[in-house]
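Asks: the sequence isn't on hand, but the structure is:
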């Protein structure tokens with residue numbers, strides 16, 4: 001990754017970690033709850049993650065991405081790996097992090113902040129990748145036929161900046 005590259009994530013983040021949280025909350029008294037949404041969706045994302053093979057092939061064949069990896073260790077861990085290997089920093093916008101309506105609803109129902117699941121959950125097999133700004137529009141057009149959402153979540157910064165996140169309140 002190079003300074004100025006746009007950071008993208010595929011799909012929505014945190015679903016697997018939220019699904020694991022659903023499973024760990026289950027007791028013999030509330031096992032029937034798993035059949036309800038949003039828990040059913042979240043648990044399925046934890047038990048059966050979908051690797052983004054077609055997206056990876058597109059990124060490789062068109063040479064859009066300057067760096068890419070899957071999010072098996074969570075956004076924070078894998079972004080750290082990407083930055084260390086590329087000797088860069090990163091600035092992430094919390095407001096841009098893609099979250100499914102299921103994770104938002106489950107977090108609301110359980111009075112839990114979904115951000116830790118989104119940042120630190122893993123086992124998602126979504127892709128984290130960087131794209132030079134000049135390829136941004138071409139990437140977004142090329143990925144549409146795949147019907148895999150990709151979201152710009154931040155930008156690569158100089159190494160001395162470290163890894164930072166701008167929260168929705170501006171902090």
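Replies: That came through, no problem. Keep in mind that this is a model prediction, so the values were computed, not measured. Residues are numbered from 1 along each chain as shown.
Asks: any regions of the chain where pLDDT drops low?
Replies: Applying pLDDT under 70 to the chain picks out residues 26-37.
Asks: which parts of it are helices?
Replies: Here the chain has its helices, by DSSP state H, at 15-25, 39-47, 53-62, 75-86, 101-110, 115-120, 136-143.
Asks: output the ones you listed as CSV; include the columns mean neighbour count.
Replies: For the C-beta atoms, the positions are set from N, CA and C on the backbone; glycine is no exception. Formatted as CSV, those follow (neighbours: other CB atoms under 10 Å):
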stretch, mean neighbour count
helix 15-25, 21
helix 39-47, 20
helix 53-62, 15
helix 75-86, 18
helix 101-110, 17
helix 115-120, 19
helix 136-143, 14
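Asks: out of those helices, which comes closest to residue 3?
Replies: Minimum separation from residue 3 across those (CB to CB) falls at helix 75-86, 9.3 Å.
Asks: output the contacting helices and strands for the closest one.
Replies: Packed against helix 75-86 by the contact rule (3 or more CB pairs under 8 Å, 6 or more residues apart in numbering; DSSP states H and E) you find strand 67-70, strand 89-93, helix 115-120, strand 127-131, strand 163-166.
Asks: which other helices and strands does the last one contact?
Replies: Same thing as strand 163-166. Other helices and strands packing on strand 163-166, by 3+ CB pairs under 8 Å, 6+ apart, are helix 75-86, strand 89-93.
Asks: partners of the last one, with directions?
Replies: It refers to strand 89-93. Paired neighbours of strand 89-93 in the sheet (DSSP bridges): strand 150-157 (antiparallel), strand 163-166 (parallel).
Asks: looking at the helices and strands packed on helix 75-86, which is buried most?
Replies: With neighbours defined as mean count of other CB atoms under 10 Å, the helices and strands packed on helix 75-86 peak in mean count at strand 127-131, which reaches a mean of 24.
Asks: ok now it, how far from the chain's centre?
Replies: On the basis of CA atoms, centre = their mean, to the nearest Å, strand 127-131 sits 10 Å off its chain's mean C-alpha point.
Asks: re the thing from before, out of the strands paired with strand 89-93, which comes closest to residue 76?
Replies: The nearest among those, by CB to CB, is strand 163-166 at 7.6 Å.
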